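Student: I would like the atomic coordinates for the input below:
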Amino acid sequence: MSRPPAPYSPARRAGDLLFVSGQLGYLPEGRLPEGLAAQARQALANLDEVLAEHGLSRDDVVKCQVFLSSIEDWAAFNTVYEEHFSRPYPARSALGVHLHPGALVEIEAVAARRTP
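Tutor: Below is the predicted model of the structure:
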């Protein structure tokens, strides 16, 4: 994964926890797809990529924070979220916020390395 253009890290480890910065739905070529579902799927794929770089997977995610440009998109986001995560779901919170122009969703996460 390339370095972000701003002064932050895509992820930072603290002990057995990995804190992943907010992931937008940018495609590898640098554009945002149309629609909430497509952006949510891509943001979750970007999250998977950061987790994999640190030897973790979505099964290790214990907490997600979701930022929606319109909280009215909550139900549509849940549909995509359920495709990506399974029970027991990570703890989660969501906020309606002003995002980067054109972005409809941003997802940050905390993952925990499982003990053998």
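Student: Quick check, residue 48 in contact with residue 57.
Tutor: Yes. If you go by Cβ atoms under 8 Å, residue 48 and residue 57 touch, sitting 7.2 Å apart. (Glycine included, C-beta is placed from N, CA and C.)
Student: Please identify which of the two sits among more neighbours.
Tutor: Neighbours were counted for residue 48 and for residue 57 using other Cβ atoms under 10 Å; residue 48 has more, 16 against 11.
Student: got any ranges where the chain has weak pLDDT?
Tutor: 1-5, 115-116 (pLDDT under 70).
Student: all helices for this structure, in order.
Tutor: For the chain, applying DSSP state H gives helices covering 36-53, 74-84.
Student: Which of those has the highest mean neighbour count?
Tutor: Compared across the helices of the chain, helix 36-53 shows the largest average neighbour count, a mean of 19 (mean count of other Cβ atoms under 10 Å).
Student: Measure how buried residue 95 is and give me the count.
Tutor: 10.
Student: which residues touch the residue nearest to it when sequence neighbours are not counted?
Tutor: In this structure, residue 95 finds its nearest non-sequential neighbour in residue 67, 5.5 Å apart by Cβ to Cβ, 6 or more residues apart in numbering. For residue 67, the contact set (Cβ atoms under 8 Å, 6 or more residues apart in numbering) comprises 22, 94, 95, 96, 97, 99, 105, 106, 107, 108.
Student: out of everything not next to it in sequence, what's closest to the last one?
Tutor: Translated: residue 108. Closest to residue 108 by Cβ to Cβ, 6+ apart is residue 22, at 4.3 Å.
Student: re the thing from before, which among the helices of the chain is found nearest to residue 13?
Tutor: Nearest to residue 13, of all the helices of the chain, is helix 36-53, at 11.1 Å by Cβ to Cβ.
Student: If anything else comes up later, I'll come back, but that's it for now.
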